[in-house]
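Enquirer: got a predicted structure here, sequence first:
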Amino acid sequence: MLTGPLPAPPPSFKFGEPTSNRRNAILRTTAGSCPLKGTTTERVSARAARSRPPTVSIATSDSRQPSAREAAKLANVTVTTSAAEAAHTRIEPGILYFGTPVVLLSTVDQAGAPNLAPMSSAFWLGWRGMLGLGAKSKTAQNLMRNRECVLNLPSDALAAAVDRLALTTGSDPVPARKYERGYRHEADKFARAGLTPVTSETVRPPRVAECPVTMEAVVEAVHPLAEDDPKQRGGVLVFEVRVLRVHVHDDVRMPGTDDRIDPDRWRPLIMSFQKLYGLGPQVHPSTLAKIPERLYRGPDIERSRDQSSRANENRFTSGNQR
Ligand SMILES: Cc1cc2nc3c(=O)[nH]c(=O)nc-3n(C[C@H](O)[C@H](O)[C@H](O)COP(=O)(O)O)c2cc1C
């Protein structure tokens, strides 16, 4: 519960507003007593406040508005227009990482040396992925230069390997802001994580053998984040990648199907507010899941079959980069 100065009333409720909005006004006491004075209907005695739960409903008359003085006396109560609104407390978290799968992103540098970086600001639409990356990271620079990568999805069993890559960077020297946070340069991230690189079919970056899902992909577009704000401009880039190949361990495949991953077998590693989690079992039958998965198959799947390793190589030598 908020305490202290009276917060600004929600837009639907203004002091002096002679509407029925005020009829449902609820005063939430902060100390078990209510300092409110006013009309008979607005007055709540200390005894009444003590005998009730901390939330006290106040019937307000439509004909009388609280004066500025009364509003000031409300300084240690929170006014809301309904009990439902009082269910939330306004906060300003530093991060909004509510939980997304971890991706181990492999790329190659200008000399062809592989780099591997954990990231989790990722989501998928069809065979496209959107990846949010710090523009100064080695991975972002490799993606800008070579426009290809592998999205390796670790299971929750690989949490320790992923964690060994935390606070490492392929950049040398380590950028100042990262150095201050404890990052250090690591030339061989695969060795550091204890993971095995295997050759990809269509792109130069290697796949990670231990990851149950690996997806070879090319960069199709780069979207700057927060371009509207000079303080943030250029800091984060969102890479739109198109998947060319999906490789999976057989134990995450849905029995009896050719092309489906079984969500009851696939245990993604989830990063939530910087901590690592697995997923629990399904919690409720899903209405959306009644739509057959085949109806989502888009043109990128067909297109990916035509994309041979050679064709992809040409993509980079013919100046066809976007
Ligand atoms: C679990 C986890 C998730 C992360 N998610 C992101 C992310 O979504 N975007 C990002 O820019 N950095 C993310 N990071 C931090 C990068 O891994 C870090 O910037 C790293 O230095 C990048 O490596 P690189 O410089 O070799 O590319 C994450 C780190 C961890 C451990």
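Expert: All right, it came through fine.
Enquirer: contacts, neighbours, all on C-alpha from now
Expert: Will do.
Enquirer: what sits against the residue most central in space within the chain?
Expert: Nearest to the mean C-alpha position of the chain, counting by Cα atoms, centre = their mean, stands Y97 at 4.4 Å. For Y97, the contacting residues are 271-274, by Cα atoms under 8 Å, 6 or more residues apart in numbering.
Enquirer: one more time with 6 Å, if that's ok
Expert: Applying Cα atoms under 6 Å, 6 or more residues apart in numbering, we find Y97 in contact with 272-273.
Enquirer: wait, is it part of a helix?
Expert: No - counting by DSSP: H, G, I helix; E, B strand; the rest coil, Y97 is located in no helix; its state is coil.
Enquirer: how much space between it and the ligand?
Expert: For Y97, the distance to the ligand (Cα to the nearest ligand atom, to the nearest Å) stands at 9 Å.
Enquirer: get me the contact residues on the chain for the ligand.
Expert: 102, 117-121, 132-134, 137-139, 163, 166-171, 271 (Cα under 6 Å from any ligand atom).
Enquirer: ok, now with 8 Å
Expert: By Cα under 8 Å from any ligand atom, the residues of the chain that approach the ligand are 102-103, 115-122, 131-141, 162-163, 165-171, 178, 183, 185-186, 236, 270-271, 274-276.
Enquirer: please list the members of the residues you listed that lie in strands.
Expert: Among the residues of the chain next to the ligand, the members found in strands (DSSP state E) are 103, 115-119, 122, 131-134, 168-169, 185, 236, 270-271, 275-276.
Enquirer: now, of the residues you listed, which are buried?
Expert: Listed as buried from these are 103, 115-119, 122, 131-134, 168-169, 185, 236, 270-271, 276; burial here means 16 or more other Cα atoms under 10 Å.
Enquirer: P197: what's it in contact with?
Expert: Applying Cα under 6 Å, 6+ apart to P197 gives the contacts 206-208.
Enquirer: in this protein, where is pLDDT below threshold?
Expert: Across the chain, the ranges flagged by pLDDT under 70 are 1-81, 308-322.
Enquirer: and it, what are its domain boundaries?
Expert: Listed by automatic domain parsing, the domain ranges of the chain are 20-87, 100-279+287-317.
Enquirer: distance to P93 added to those domains, as a markdown table?
Expert: Rendered in a markdown table, the data for these read as follows (distance: least, Cα to Cα, whole Å):
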| stretch | distance to P93 |
| --- | --- |
| domain 20-87 | 18 |
| domain 100-279+287-317 | 10 |
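Enquirer: those helices in the protein, which residues are they?
Expert: Taking DSSP state H as the criterion, the chain carries its helices at 46-51, 68-73, 138-146, 159-164, 176-180, 189-193, 299-306, 309-317.
Enquirer: so what does the fifth one touch, helix or strand wise?
Expert: With contacts taken as 3 or more Cα pairs under 6 Å, 6 or more residues apart in numbering; DSSP states H and E, helix 176-180 sits against no other helix or strand.
Enquirer: bridging residues for whichever residue of the stretch 201-322 of the chain sits closest to the ligand?
Expert: Here the stretch 201-322 of the chain gets closest to the ligand at one residue, M271, 5.5 Å apart by Cα to the nearest ligand atom. Listed by DSSP bridges, the beta-bridge partners for M271 are T100, L276.
Enquirer: measure it to R128 for me?
Expert: Distance of M271 to R128, given as Cα to Cα, to the nearest Å: 21 Å.
Enquirer: do A166 as well
Expert: If you go by Cα to Cα, the gap between A166 and R128 works out to 26 Å.
Enquirer: same thing with H249?
Expert: Distance of H249 to R128, computed by Cα to Cα: 21 Å.
Enquirer: who has more neighbours out of those two?
Expert: Using other Cα atoms under 10 Å as the criterion, H249 and R128 rank with R128 on top: 19 against 14.
Enquirer: now do the contacts for the spatially closest residue to that one that is not a sequence neighbour.
Expert: Closest residue to R128 apart from its sequence neighbours, by Cα to Cα, 6 or more residues apart in numbering: R242 at 4.6 Å. By Cα under 6 Å, 6+ apart, R242 lies in contact with 127-128, 217-218.
Enquirer: neighbour-wise, give me the winner out of these.
Expert: Counting neighbours by other Cα under 10 Å, A217 comes out on top of the contacts of R242 with 25 neighbours.
Enquirer: the nearest residue to that one once chain neighbours are set aside - how many residues pack around it?
Expert: Spatially, and ignoring its direct neighbours in sequence, A217 is nearest to V243 (4.2 Å; Cα to Cα, 6+ apart). By other Cα under 10 Å, 24 other residues sit near V243.
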